[in-house]
Structures are given as C-alpha cells and as structure tokens.
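Engineer: just need the structure, nothing else, for what follows:
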Amino acid sequence: MSFLQGLSNKNIIDNWDTLISHSLKKSDYTIREKIEKGQDQIIKSRKQLGATSWFVIECFELPENYFAVMLEEGHVINYVLLKYVQTKNEFFSIYESNIKENDG
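Structural biologist: Numbers count the residues shown, from 1 in each chain. Here you go, the predicted structure:
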C-alpha cells in the first residue's frame, strides 16, 4: 500500500492529492451517511467552533477498504484516512489532520 507510506497526522494535508490519485472512485451516499452518523465513535478530532457535527465534504474509496475523507465543521477542515473493517462493519480513524502526533 504505497499510498500509506510515510503518511501521518502531521502530513496528511500535504499528501492529500497523492491519496486521491489512488482512489478507486468517489464513495456513494450510504458510506458518507455511515461516517456522519457514526462520527462520535470514528473521528478523534474535537469539534472546535461549538458545532455539533462534522459534515463529509468529499469521500474517496481507496484500495483495501481505506477511505480518504474531507470533513468540515464550521470553517474548520479535517482531512481523515479511515479504514473500514468488514468483519466488524465499522470504520476506524487512522490519520487526521486536526490531531497532533501525541494526541489520541
């Protein structure tokens, strides 16, 4: 999975175009909805502007059940790499732009 090599919370924004270049397609509405509904369990970044929800702006399917997701809360953008584990029917956050390396 070359698109994961060297990726971290700190540089996911800088590598966003590279992630997207590996996308298989834009995700469908059901995936976006599942991420938004389950965000309290999936997304580690705290909401910053008093908003109650992150909204999916873009979501791309990547190989091996990874998803590159751009979320917005007010004017704050969070770039996220998620992994979908089919056996658990759950998403897990791998990297988020709004988290420092020693956080969460």
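
Engineer: all helices for the chain, in order.
Structural biologist: Secondary structure of the chain, counting by DSSP state H: helices at 16-21, 29-37, 39-42.

Engineer: mean neighbour count, distance to residue 78 and mean pLDDT added to those helices, as a markdown table?
Structural biologist: Every C-beta, even on glycine, is put in place using the N, C-alpha and C of the backbone. Supplementary listing: those in a markdown table, determined by neighbours: other C-beta atoms under 10 Å; distance: least, C-beta to C-beta, whole Å; pLDDT from 0 to 100:
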| stretch | mean neighbour count | distance to residue 78 | mean pLDDT |
| --- | --- | --- | --- |
| helix 16-21 | 14 | 12 | 94 |
| helix 29-37 | 15 | 12 | 95 |
| helix 39-42 | 14 | 10 | 93 |
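
Engineer: residue 6: which of those is closest?
Structural biologist: Between residue 6 and those, the tightest spacing by C-beta to C-beta is seen for helix 16-21, at 9.6 Å.

Engineer: any idea how far the closest one is from the chain center?
Structural biologist: On the basis of C-alpha atoms, centre = their mean, to the nearest Å, helix 16-21 sits 13 Å off its chain's mean C-alpha point.
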